[in-house]
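Peer 1: Give me a model of this one.
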Amino acid sequence: MPHDIVDYDPDLDLVLTRDLSAPRHLIWRCWTDPAHLPHWFIPRPHRVTACTIDLRVGGAFDTTFDVDGNVMDNRGVWLEVVPEARLVFTDAYTTGWKPAPEPFMTAIMTFADLGGGRTRYVAVARHRSPETRRTHEEMGFHDGWGTVAGQLETYAQGLM
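Peer 2: Numbers count the residues shown, from 1 in each chain. This next block holds a predicted model:
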């Protein structure tokens with residue numbers, strides 16, 4: 001069980017843990033600055049083509065992807081923002097707390113300073129049902145989110 005998540009539920013949650021060779025403040029900046037997020041947030045060769053980050057509870061976390069020529073809009077809100085420690089966002093709501101028609105997940109990211117310029121990065125995708133969790137796992141959660149964690153690490157190292 002991941003130590004950063006007290007209520008981890010293996011029926012609903014997918015978890016990725018990585019120790020990144022980049023300092024926590026840079027990992028945080030990459031996650032929270034719309035100038036940085038497009039450089040690492042989706043596995044290449046796919047691209048983030050637009051990003052809105054209003055970093056406050058209820059603020060927008062909206063991204064648009066180009067995946068093999070298909071545009072994918074993702075709208076969500078921040079549920080929790082603890083500077084340099086924890087981010088929680090969901091696609092269950094959009095700005096103004098408007099319910100989304102087809103929510104998929106809530107993401108919980110924690111960032112722990114390991115010292116020596118290293119960060120323990122834990123990413124949890126929490127789903128509404130075991131079926132949506134299974135679907136996300138079959139879509140390649142671990143490979144995709146693992147690739148993204150590697151891209152995040154490399155990009156953050158370039159900011160040092």
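
Peer 1: What ranges does this protein have for its helices?
Peer 2: Assigned by DSSP state H, the chain shows helices spanning 24-32, 130-138, 141-157.

Peer 1: most tightly surrounded among these?
Peer 2: Most buried of the helices of the chain, by mean neighbour count (mean count of other CB atoms under 10 Å): helix 24-32, with a mean of 20. Where you see a C-beta, it was placed from the backbone N, CA and C, and this is true even at glycine.

Peer 1: how about the strands in this protein?
Peer 2: In the chain, the strands defined using DSSP state E lie at 13-20, 47-53, 61-67, 70-74, 77-82, 86-90, 93-94, 98-99, 105-115, 118-127.

Peer 1: how about the ones you listed in a markdown table, adding distance to Glu153 and mean pLDDT?
Peer 2: As requested, the strands of the chain are exported to a markdown table (distance: least, CB to CB, whole Å; pLDDT from 0 to 100):
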| stretch | distance to Glu153 | mean pLDDT |
| --- | --- | --- |
| strand 13-20 | 4 | 97 |
| strand 47-53 | 17 | 97 |
| strand 61-67 | 20 | 96 |
| strand 70-74 | 22 | 94 |
| strand 77-82 | 21 | 97 |
| strand 86-90 | 17 | 97 |
| strand 93-94 | 30 | 94 |
| strand 98-99 | 35 | 95 |
| strand 105-115 | 12 | 97 |
| strand 118-127 | 8 | 97 |
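
Peer 1: Right, I'll call it a day here.
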